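> quick one: sequence and predicted model below, then my questions.
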Amino acid sequence: MNKQSWAKTNKLFFICFLAIHCHCFAQIDTTFNKITIRYADYINLVGKNNLGYAAQKFNIDIADANIESAKVFPDPELGIGWFDNGQRRMNMGYGYSAQVGWLLELGGKRKARIDLAKSEKELIQLLLLDYFRNLRADATISFLTALQNKFLLDVLLNSYQTMYRLAQSDSIRFRSGAITQLDARQSRLEAQTMLNDVFQAEAEWKASLANLSLLLGQKQKDSLFIALGSFDGFERNFNLSDLITTAQNNRADLLAALQGKTVAQNLLKLAKANRVIDLGIATGIGYTSYVRNVIAPTPSFTPVTAGIAIPLKFSNNRSGELKAAYYNNLQAEIQYQQAEVQIQAEVTQAYFQYQATRKQVQQFNNGLLDESRAVLDGKIYSYQRGETSLLEVLNAQRTYNDTQLAYYQILFNNAAALVELERAAGIWDINF
């Protein structure tokens with residue numbers, strides 16, 4: 001290769017590296033508005049602004065309205081009538097009447113309706129608590145995901161910058177004849193490959209930030225919340241038996257299942273009350289005009305009437321409503337037992353998962369990261385002195401990258417496992 005070709009090749013390498021470097025940081029340093037937020041503020045805003053949770057709260061108002069409806073007495077009925085005997089030639093006269101009727105509910109129907117509506121409200125309140133329990137845990141995991149994705153982006157970006165600097169150095173060393181053109185090209189290709197990984201990690205990070213805005217019920221088009229925090233503060237010591245007992249006492253969904261039994265019992269009481277015969281009470285007044293007929297003249301008179309009506313409840317021969325309420329009561333009992341078993345299984349599984357992730361974190365904390373970093377630094381130093389090959393440097397770089405990525409994945413898994421364990425146990429002390 002002549003001197004002119006060497007010069008053109010070197011110039012081309014410099015232009016490529018400069019373009020890669022500028023393009024990378026033009027992409028990473030985006031222009032969107034960044035609103036930094038810490039976990040405590042974030043979870044507080046989720047409770048206040050989450051749209052799904054806000055919609056669920058209206059169920060309480062609906063339940064209150066249903067209680068008011070259950071208290072209503074049957075409406076009275078007003079009847080007005082007029083008659084004309086139609087015998088004008090014989091002067092038979094005319095008349096009118098007015099009547100008020102009212103249904104008297106027997107068997108405690110009104111009380112049964114009110115008790116059912118009140119028990120349904122208590123059930124809805126417990127379901128709302130359970131909704132927030134899951135919302136809080138899901139929002140926390142979303143926040144942890146945003147943190148993790150930022151750490152992963154930093155790892156890949158730092159790896160790219162290291163390889164970029166190595167590629168720059170290789171370009172200079174190639175010009176001086178210290179390495180071959182193949183090695184210089186290889187380091188450049190590795191830098192470009194890492195740059196693609198950076199772009200992908202950046203997209204995943206921004207997607208997780210957009211999910212934070214979704215949970216916060218925000219509509220900003222040009223702003224994203226940036227999660228601030230670390231994976232410290234997720235170390236806990238638990239006793240499995242105590243956790244199961246706590247969950248069975250505190251879990252809102254189990255309390256809701258228990259309240260579901262009460263609702264089913266009240267529904268059965270209402271079904272029985274509906275089979276009791278009601279009474280219709282009526283009173284009225286009428287007026288009949290003077291009959292001027294010469295055969296049977298009759299003076300005008302005003303009759304007053306009162307009476308009762310007893311419905312013939314042939315429908316009681318069909319006990320479908322009563323049977324449905326009875327079986328619903330049995331179903332609620334089985335569902336409560338199933339909820340108890342389910343909660344015990346969830347707590348047990350979450351406990352063992354958390355214990356496993358704690359051991360994995362301890363494994364990394366025993367110096368695994370430091371060792372992989374020391375190996376990489378040593379390989380780069382040896383390569384720059386010509387004592388080792390580029391392939392060994394690349395292998396060490398990949399090992400270090402994989403170790404860092406695995407480390408942050410384990411930290412995230414450990415934090416998420418604690419969140420799931422406390423979700424399952426019905427406790428909450430997460431703060432980081």
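Now that the structure is in, tell me what you want to look at. These numbers come from a predicted model, not from an experiment.

> tell me what the longest helix along the chain is packed against?
The helix that spans the most residues within the chain, counting by DSSP state H, is helix 109-176. Judged by 3 or more CB pairs under 8 Å, 6 or more residues apart in numbering; DSSP states H and E, helix 109-176 is in contact with helix 3-28, helix 39-49, helix 51-70, helix 181-215, strand 223-228, helix 252-273, helix 368-384, helix 390-425. To be clear about C-beta, it is placed using only N, CA and C from the backbone, and glycine gets the same treatment.

> tally of neighbours for Asp222?
By other CB atoms under 10 Å, the residues close to Asp222 number 7.

> for it, which residues are in contact?
Residues in contact with Asp222 (CB atoms under 8 Å, 6 or more residues apart in numbering) are 32-33.

> beta partners of Val291?
With DSSP bridges as the criterion, Val291 is bridged to Thr298.

> is it true that it touches Thr298?
Yes - using CB atoms under 8 Å, Val291 makes contact with Thr298 at a distance of 3.9 Å.

> list residues touching both of these two?
By CB under 8 Å, 6+ apart, the residues touching both Val291 and Thr298 are Gly93.

> the two: which is more packed in?
A direct count of neighbours by other CB under 10 Å for Val291 and Thr298 places Val291 higher, at 19 against 13.

> how close does that one get to Gly81?
Val291 is 18 Å from Gly81, where distance means CB to CB, to the nearest Å.

> next one: Leu215
For Leu215, the distance to Gly81 - CB to CB - is 64 Å.

> please say which of those two ends up with more neighbours.
Leu215 (22 against 11).

> who's in contact with the closest residue to the more buried one other than its chain neighbours?
Leaving aside its sequence neighbours, Leu215 sits nearest to Ala139 (CB to CB, 6 or more residues apart in numbering; 5.0 Å). By CB under 8 Å, 6+ apart, the contact set of Ala139 is 42-43, 46, 50, 215.

> hang on, Ala98 is in a strand, isn't it?
Yes - counting by DSSP: H, G, I helix; E, B strand; the rest coil, Ala98 falls inside a strand.

> element containing the nearest residue to it once chain neighbours are set aside, please.
Of all residues not flanking Ala98 in the chain, Ile80 sits nearest, at 5.1 Å (CB to CB, 6+ apart). Taking DSSP states H and E as the criterion, the element that holds Ile80 is strand 77-84.

> and that strand, which strands flank it?
Using DSSP bridges, strand 77-84 pairs in its sheet with strand 94-104 (antiparallel).

> show me how far the partner strand is from its chain's centre.
Distance, stretch centre to chain centre, for strand 94-104: 57 Å (CA atoms, centre = their mean, to the nearest Å).

> equivalent analysis for stretch 360-372, please.
With CA atoms, centre = their mean, you get 35 Å for stretch 360-372.

> quick one: find the helix or strand in the protein with the lowest mean pLDDT.
The helix or strand of the chain with the poorest confidence is helix 3-28; it has a mean of 47 (mean pLDDT, DSSP states H and E).

> got the angle for the helix or strand containing Gln362 vs helix 252-273?
Using DSSP H and E, Gln362 sits within helix 320-365. Here helix 320-365 runs at an angle of 180 degrees relative to helix 252-273 (axes from the mean of the first three to the mean of the last three CA atoms, to 10 degrees).

> could I get the average pLDDT for helix 320-365?
Mean pLDDT, helix 320-365: 93.

> skipping adjacent residues, who's closest to the residue most central in space within the chain in space?
By CA atoms, centre = their mean, the chain has its centre lying nearest to Leu135, at 4.0 Å. Of all residues not flanking Leu135 in the chain, Tyr53 sits nearest, at 5.7 Å (CB to CB, 6+ apart).
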